[in-house]
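**Student:** have a look; sequence and predicted model below, questions after that.
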Amino acid sequence: MKFELLQLEEDRIRYLLSGVTAAFANGIRRACMSEVPVLAIDEISLYDNTSVLFDEQISLRLGEVPLQAEDLNIFSLPEECQCGGTGCPGCRVDFMLSSEGPGVVYSREIQFTDPGVKPAFDKIPIVILGEGEKLVIEGYATKHVGKEHSKWQAGTLCGYKNLPGIEVADSCDGCGKCVEVCPRNVFVLEGGRAKATNILECSLCKLCIGACEPAAIKLTPVLDSFVVYIESSGSMPARDLVARASEEIKKRAEDLDAKLAELA
Ligand code: SF4
Ligand code: SF4
Ligand SMILES: [Zn+2]
């Protein structure tokens, strides 16, 4: 297996994975979306809500605010906690939100009792309060995975595609139609012929094939190479997200190995 980093930012990563199956590349993508545990607001008690939004809408909005923790490992999944899932500081973190209008209530006003936990973004709007309107809420966040509910989804936009292979044959007459139709600016004209220069951006849409009258373009996906794109919800850096997803897969493979060994 070969790994090549193509792009790395705090909230997104793009890399080229070669010498693997589609199932392997997809396994990491899926684990980023559904198997990496993060914190999310789970239960709330509304003491006052005179805003225009129903209690349920406020609850939904709070649940979808991505949360960051300085150390996620100090929290257990409720079902694995020593409290047996009834709730304790080991598996939940309490918060308070109290605001009075006029003004917009933003995510930064969610105050957790653990100073190491906070919303990933300060300015997610929760509700606009009019003059004298109030919102007073207490509640707690728990740690879970995206397959339980999308509010615990650590990876948001996660996808992959085969690495495109593009060749231009000698029959190219330099008409430039492929340059015109390609939405990803893959082709340039050079020396009276088309040349694919930006191959990683190709989406395999085949518009160039349809536009090329001499049928000079050969588009072949490389079957064991994948361009993988992962975007984090903000609850952790994208690099950590991929590392944790890989750890989850490794853990499962080891569990399976141990179970098979028991049967042997
Ligand atoms: S459309 Fe075909 S013939 Fe025209 S420049 Fe592109 S590759 Fe060459
Ligand atoms: S398949 Fe689509 S994106 Fe790729 S080079 Fe052709 S037109 Fe551009
Ligand atoms: Zn607990």
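**Tutor:** Ah, there it is. Residues are numbered from 1 along each chain as shown. Ligands and ions are numbered 1, 2, ... in the order given.

**Student:** how many other residues sit next to E64?
**Tutor:** 16 (other CB atoms under 10 Å). To be clear about C-beta, it is placed using only N, CA and C from the backbone, and glycine gets the same treatment.

**Student:** what's around S76, how many residues?
**Tutor:** Count around S76 with other CB under 10 Å applied: 18.

**Student:** should've said L72
**Tutor:** Neighbours of L72 (other CB under 10 Å): 20.

**Student:** is G103 in contact with L129, as I believe?
**Tutor:** Yes - under the criterion of CB atoms under 8 Å, G103 makes contact with L129 at 6.0 Å.

**Student:** neighbour-wise, which of these two wins?
**Tutor:** L129 (21 against 12).

**Student:** next up, phi/psi of the closest residue to the more buried one other than its chain neighbours, please.
**Tutor:** If the residues on either side of it in the chain are set aside, L129 comes closest to G101, at 2.9 Å by CB to CB, 6 or more residues apart in numbering. Backbone torsions of G101, given as degrees, to the nearest 10, read phi -80, psi 170.

**Student:** report how many residues lie close to G101.
**Tutor:** 17.

**Student:** which strands and helices sit next to whichever helix or strand L97 is part of?
**Tutor:** Assessed by DSSP states H and E, L97 sits inside strand 92-100. On a contact count with 3 or more CB pairs under 8 Å, 6 or more residues apart in numbering; DSSP states H and E, strand 92-100 meets strand 38-49, strand 111-112, strand 125-129, strand 134-144.

**Student:** please enumerate the strands of the stretch 151-264 of the chain.
**Tutor:** Here the stretch 151-264 of the chain has its strands, by DSSP state E, counting those that start in this stretch, at 155-168, 187-190, 193-196, 217-232.

**Student:** who does the last one pair up with?
**Tutor:** In other words, strand 217-232. Under the criterion DSSP bridges, strand 217-232 sits next to strand 12-18 (antiparallel), strand 155-168 (antiparallel) in its sheet.

**Student:** in TSV: these, plus distance to S59, mean pLDDT and mean neighbour count.
**Tutor:** Putting the strands paired with strand 217-232 into TSV (distance: least, CB to CB, whole Å; pLDDT from 0 to 100; neighbours: other CB atoms under 10 Å) gives the following:
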stretch	distance to S59	mean pLDDT	mean neighbour count
strand 12-18	29	96	18
strand 155-168	21	94	18
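
**Student:** quick one: closest of those strands to ligand 3.
**Tutor:** strand 155-168 (25.8 Å; CB to the ion).

**Student:** wait, does that closest one contact ligand 1?
**Tutor:** Yes - counting by CB under 6 Å from any ligand atom, ligand 1 has neighbours in strand 155-168: V168.

**Student:** and that strand, how far from the chain's centre?
**Tutor:** Strand 155-168 sits 16 Å away from the centroid of its parent chain (CA atoms, centre = their mean, to the nearest Å).

**Student:** same check, this time on stretch 99-113
**Tutor:** 26 Å.

**Student:** report the central residue of the protein.
**Tutor:** G155 (2.1 Å; CA atoms, centre = their mean).

**Student:** picking up where we left off before, now distance to A258 too, for the strands of the stretch 151-264 of the chain, in a markdown table please.
**Tutor:** As requested, these are exported to a markdown table (distance: least, CB to CB, whole Å):
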| stretch | distance to A258 |
| --- | --- |
| strand 155-168 | 27 |
| strand 187-190 | 52 |
| strand 193-196 | 47 |
| strand 217-232 | 29 |
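
**Student:** save these as JSON lines, and put in distance to ligand 3 too.
**Tutor:** Converted to JSON lines, these look like this (distance: least, CB to the ion, whole Å):
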{"stretch": "strand 155-168", "distance to ligand 3": "26"}
{"stretch": "strand 187-190", "distance to ligand 3": "58"}
{"stretch": "strand 193-196", "distance to ligand 3": "56"}
{"stretch": "strand 217-232", "distance to ligand 3": "26"}
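
**Student:** closest to D114 out of those?
**Tutor:** strand 217-232 (21.1 Å; CB to CB).

**Student:** in the closest one, which residues are buried?
**Tutor:** The neighbour-count check on strand 217-232 (16 or more other CB atoms under 10 Å) flags I217, D224, S225, F226, V227, V228, Y229, I230, E231, S232 as buried.
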